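> sequence and computational prediction follow.
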Amino acid sequence: MSASLFVMDVYAYYTGHTAGAARRYNRPPTRIGHYVKRLLSLLGLLFFIGTAVAQTFKPTPGMPGKDVVWIPTPNHAVEKMLDMAKVTAQDFVIDLGSGDGRNLIAAAKRGARAHGVEYNPDLVEYSRRAAAQAGVADKVTIVQGDMFAADISQATVMMLFLLPNHLNKLAPTFLKLRPGTRIVSNTYEIGGGWEPDVVEQAQPCLSWCSMVMYVVPARAAGSWRLGEDEWLWLEQRYQELFGTYRIGGVDVAIENGRLLGEEIRFTVNQVEYVGRVSGNSMSGSAKGRVSREWRATRTSE
Ligand SMILES: C[S@@+](CC[C@H](N)C(=O)[O-])C[C@H]1O[C@@H](n2cnc3c(N)ncnc32)[C@H](O)[C@@H]1O
């Protein structure tokens, strides 16, 4: 028996009402029935008021979350973040601390799938309704939960407005995201030595308008064999690369070593190497005093 049928039956049994499915309890009203009727009416009224309050809830800046209060990213800054990350219909955007859902809704309007994790249940309900009203409910999911426990492994874009200590705490998780994932943050940097790849201002700049973007770098550290007696030893600090290139037993320090997602660049003796890292292989072209195609295999990390 469904819950609603059960409630109807209890109502009909005690009140003597004979409507619908409860007809079989056809008996006169009792004193208990009077109270049951009142109680059920009161519950109905409370349910109605609760629904009405939820429908009229309006978030106010400064209202509590768990680790940080709700302050919305200005709408034109949201668009700036989406532009910087070049969000398309191929993307899966995640916002940790998704507030009123504006980042998710704007991303979905560009065709992306979007997922929010928000601690405040009122904001969760409000943002779900906002997504439905914007006609993007099929592209947006929002869960009530703690951002530090969220699974973000499928993100291709992160849109964030959190404080530096939260971003720093999440940094190890960000670094495990697929290389090339864009992390766009309103105002605050991840820190800990991880420098942004792009910093731009949303205009007009009144408040909260400096946007920083990080592109998750491929993991390129290790020993790479380019050819017979030709090696590259790389150390990595976030997107920066340091190391040594060896050919014919002669070692040369690499310069300007850098990763942008899977794209790798470094200079050896004024020859610029540009290529792509894919797991334990990388390949590309070298241009300068000599020009050639190159290919390398990682032999150890
Ligand atoms: C500064 S607001 C940003 C809202 C939205 N991302 C934006 O850009 O407009 C931070 C949000 O994080 C939520 N929040 C705070 N601590 C959280 C936690 N531990 N897990 C999930 N959400 C949290 C707050 O309720 C608030 O909505």
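Received, thanks. Numbering: from 1, shown residues only.
> residue contacts, Leu82?
By CB atoms under 8 Å, 6 or more residues apart in numbering, the contact set of Leu82 is 106-107, 110, 159. C-betas here are computed from N, CA, C, even on glycine.
> do you know how far it is from Tyr245?
Leu82 sits at a distance of 39 Å from Tyr245 (criterion: CB to CB, to the nearest Å).
> picking that back up, reformat the contacts of Leu82 as JSON lines; add pLDDT, neighbour count and secondary structure.
Shown next, in JSON lines, are the contacts of Leu82 (pLDDT from 0 to 100; neighbours: other CB atoms under 10 Å; DSSP: H, G, I helix; E, B strand; the rest coil):
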{"residue": "Ala106", "pLDDT": "98", "neighbour count": "22", "secondary structure": "helix"}
{"residue": "Ala107", "pLDDT": "98", "neighbour count": "30", "secondary structure": "helix"}
{"residue": "Arg110", "pLDDT": "98", "neighbour count": "18", "secondary structure": "coil"}
{"residue": "Met159", "pLDDT": "98", "neighbour count": "29", "secondary structure": "strand"}
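> same list, these, but as a markdown table with distance to the ligand please.
Formatted as a markdown table, the contacts of Leu82 follow (distance: CB to the nearest ligand atom, whole Å):
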| residue | distance to the ligand |
| --- | --- |
| Ala106 | 10 |
| Ala107 | 11 |
| Arg110 | 16 |
| Met159 | 7 |
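> domain parsing for this protein?
3-56, 75-215, 222-300 (automatic domain parsing).
> quick one: end-to-end length of the last one, please.
In terms of CA to CA, to the nearest Å, the two terminal residues of domain 222-300 are separated by 6 Å.
> that domain - what's its average pLDDT?
Mean pLDDT, computed over domain 222-300, is 96.
> and it, how far out from the chain middle?
Centre-to-centre, domain 222-300 and its host chain are 32 Å apart (CA atoms, centre = their mean, to the nearest Å).
> next one: the longest one
Between the centre of domain 75-215 and the centre of its chain there are 5 Å (CA atoms, centre = their mean).
> return the most buried member of the domains of the chain.
domain 75-215 (a mean of 19; mean count of other CB atoms under 10 Å).
> end to end, how far does it reach?
23 Å.
> now the residue nearest to Arg110 when sequence neighbours are not counted: how far from the ligand?
Counting by CB to CB, 6 or more residues apart in numbering, Arg110 lies nearest to Val87, which is 5.2 Å off, once chain neighbours are set aside. Using CB to the nearest ligand atom, to the nearest Å, Val87 is found at 14 Å from the ligand.
> now do the contacts for Val87.
93, 107, 110, 112, 157 are the contacts of Val87 under CB under 8 Å, 6+ apart.
> is it true that the last one touches Ala85?
In other words, Val157. Yes: under the criterion of CB atoms under 8 Å, Val157 makes contact with Ala85 at 4.8 Å.
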